[in-house]
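K.L.:
Mind folding the following:
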Amino acid sequence: MFWLWAPRDGDIVGHLMARRKRIGILTGGGDVPGLNSVIKSVVYRATEPQFDFEVVGIRRGWEGLTHADGNAENDPYSMMLDRANTRNIDRTGGTFLHTSRTNPSRMPVHAFPERLRDRVESLDAVGDGLIDATPLVLENLDRLNIDHLVAIGGDDTLSYAWVLDRKSVDIVAVPKTMDNDVRGTEYCIGFSTAMTRAVDSINRLRTTLGSHERIGVFRIFGRDAGFTALYAAYVSSTRCCIPESRFGIEKLANVLVNDKRQNPSSYALVLLSEGATWSDEMNLEYGEPDPFGHRPKMSNAEKFATEMRAMCGESSTVVDLTYELRSGEPDFLDKMVGTSFAAMAFDCIVEGARGRMMAVQNGCYVDAPIPDPGLGPRVVDIEAMYDVERFRPNYKSKKSMSIFMMRA
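P.N.:
Residues are numbered from 1 along each chain as shown. The predicted structure follows:
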């Protein structure tokens with residue numbers, strides 16, 4: 001607040017005027033196509049004359065709110081956004097604001113710059129070399145004069161949005177992830193573009209598989225949920241294995257060999273979610289966990305191909321459908337949903353609705369509570385969507401289901 005003095009009726013009077021409200025916006029976790037559509041649309045809605053908000057972009061996700069120096073006009077971790085500098089960002093993929101995999105609730109002390117070391121030493125330790133940097137986040141929100149925060153991300157990013165909601169931060173969320181596994185919504189930004197590119201790659205590689213008479217083993221994103229493998233298989237008529245249903249390796253190998261023999265072009269193919277396994281003892285994780293506790297996964301596709309060759313002598317071609325699916329321009333659906341989620345998020349801000357996530361439920365746009373991270377990710381409804389015996393999506397009647405094949 002500030003005082004503006006102005007003459008009225010020959011006298012000087014104090015007139016109290018409020019500063020312009022300010023919205024902060026950030027993107028966290030892996031990038032997906034469609035993020036820039038959200039950013040641009042929030043800026044354009046917020047700066048309409050009847051609203052006249054300011055918008056500040058937080059760079060590098062949650063890291064930006066732990067490292068910011070509080071000056072949005074001259075800070076490498078924040079920048080003022082307007083219609084001029086966001087005019088054409090929706091024409092490309094990635095995120096204009098950049099991103100990081102940062103969890104302020106469990107931040108390594110060594111991750112902080114020297115200028116913050118004294119401040120960090122006063123924060124609560126939550127593990128060996130880890131501190132809870134939430135007090136820094138709250139301080140920087142205040143120093144940046146951010147009245148409302150829009151967080152765009154997947155399960156991990158939104159898990160910290162849930163923490164801030166519990167701290168009474170005025171926050172709304174937009175779900176994005178190629179895995180499409182955020183709880184509380186049937187659709188996440190980035191999923192359609194990833195599926196379009198996955199199906200295109202699968203169909204292009206059929207000619208090579210046929211030429212060499214091989215079995216194609218495709219690995220695709222899906223650590224905890226099998227939506228990417230399932231939906232790509234649904235429209236490309238292929239076999240798939242998902243984390244929600246452990247499979248028998250010999251049975252799958254025999255099915256694929258039989259598919260190859262019955263195919264006039266002498267090839268077969270299967271999609272494996274990165275989290276799909278065939279043994280209770282199987283552990284494909286390695287290395288150090290990330291800030292959210294996830295360790296990298298070795299390729300289950302490579303391992304399956306090796307074991308299948310040992311069992312039945314069949315040659316295979318292993319293809320990783322991973323990072324190329326998240327690169328480049330978004331498709332129509334991701335642009336449309338991103339733009340719509342942005343408009344909904346701004347409406348929530350204007351209406352005073354905090355702690356909400358933009359969502360699709362029963363095929364309709366809604367806003368829902370930011371999901372409790374303790375509930376874990378959304379997973380495939382096996383009964384409705386997957387044929388365990390045939391390693392295929394379930395093609396039975398979808399009447400009364402939403403467009404994303406969710407049961408009401």
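
K.L.:
what ranges do the strands span in the stretch 251-400 of the chain?
P.N.:
For the stretch 251-400 of the chain, the strands defined by DSSP state E, counting those that start in this stretch occupy 268-273, 316-321, 356-361, 364-369, 386-387, 392-393.

K.L.:
would you list those strands in TSV and tack on mean pLDDT?
P.N.:
Converted to TSV, the strands of the stretch 251-400 of the chain look like this (pLDDT from 0 to 100):
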stretch	mean pLDDT
strand 268-273	97
strand 316-321	95
strand 356-361	97
strand 364-369	97
strand 386-387	96
strand 392-393	96
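
K.L.:
Out of the ones you listed, which gets nearest to Leu35?
P.N.:
Of all those, strand 356-361 sits nearest to Leu35, with 13.4 Å by Cβ to Cβ. The way it works is simple: take the backbone N, C-alpha and C, and place the C-beta from them, glycine included.

K.L.:
tell me the centre residue of the chain?
P.N.:
Thr177 (2.6 Å; Cα atoms, centre = their mean).

K.L.:
Isn't that one up against Thr157?
P.N.:
No. Under the criterion of Cβ atoms under 8 Å, Thr177 makes no contact with Thr157, lying 9.0 Å away.

K.L.:
overlap in contacts of the two?
P.N.:
Here Thr177 and Thr157 have Gly29 as joint contacts, going by Cβ atoms under 8 Å, 6 or more residues apart in numbering.

K.L.:
so where is the chain shaky, pLDDT-wise?
P.N.:
Along the chain, segments meeting pLDDT under 70 span 1-18, 70-73, 280-281, 283, 407-408.

K.L.:
so which of the strands of the stretch 251-400 of the chain comes closest to Gly328?
P.N.:
Taking Cβ to Cβ, strand 316-321 is the member of the strands of the stretch 251-400 of the chain nearest to Gly328, at 14.1 Å.

K.L.:
Number of residues surrounding Ser315?
P.N.:
11 (other Cβ atoms under 10 Å).

K.L.:
And for the one 5 residues further on?
P.N.:
For Asp320, the tally of surrounding residues (other Cβ under 10 Å) stands at 15.

K.L.:
again with Asp224
P.N.:
17.

K.L.:
three-state assignment of it?
P.N.:
Of the three states, Asp224 takes coil according to DSSP: H, G, I helix; E, B strand; the rest coil.

K.L.:
If we ignore the residues flanking it in sequence, what's nearest it?
P.N.:
Using Cβ to Cβ, 6 or more residues apart in numbering and skipping the chain neighbours, the partner closest in space to Asp224 is Pro377 (4.8 Å).

K.L.:
can you pull the contacts of that neighbour?
P.N.:
155, 179, 181-183, 224-225.

K.L.:
which among the residues you listed gets closest to Met336?
P.N.:
Nearest member of the contacts of Pro377 to Met336, counting by Cβ to Cβ, is Val182, at 18.1 Å.

K.L.:
Just confirm the closest one contacts Thr157, I think it does.
P.N.:
No. Applying Cβ under 8 Å, one finds Val182 not in contact with Thr157, separated by 9.7 Å.

K.L.:
and the residue nearest to Asp224, how far is that from Pro264?
P.N.:
Distance, Pro377 to Pro264, by Cβ to Cβ, to the nearest Å: 40 Å.

K.L.:
same check, this time on Ser41
P.N.:
With Cβ to Cβ as the criterion, Ser41 and Pro264 are 49 Å apart.

K.L.:
Please report how far the residue nearest to Cys241 when sequence neighbours are not counted lies from Leu325.
P.N.:
Using Cβ to Cβ, 6+ apart and skipping the chain neighbours, the partner closest in space to Cys241 is Ala276 (4.1 Å). Per Cβ to Cβ, Ala276 is found 17 Å from Leu325.
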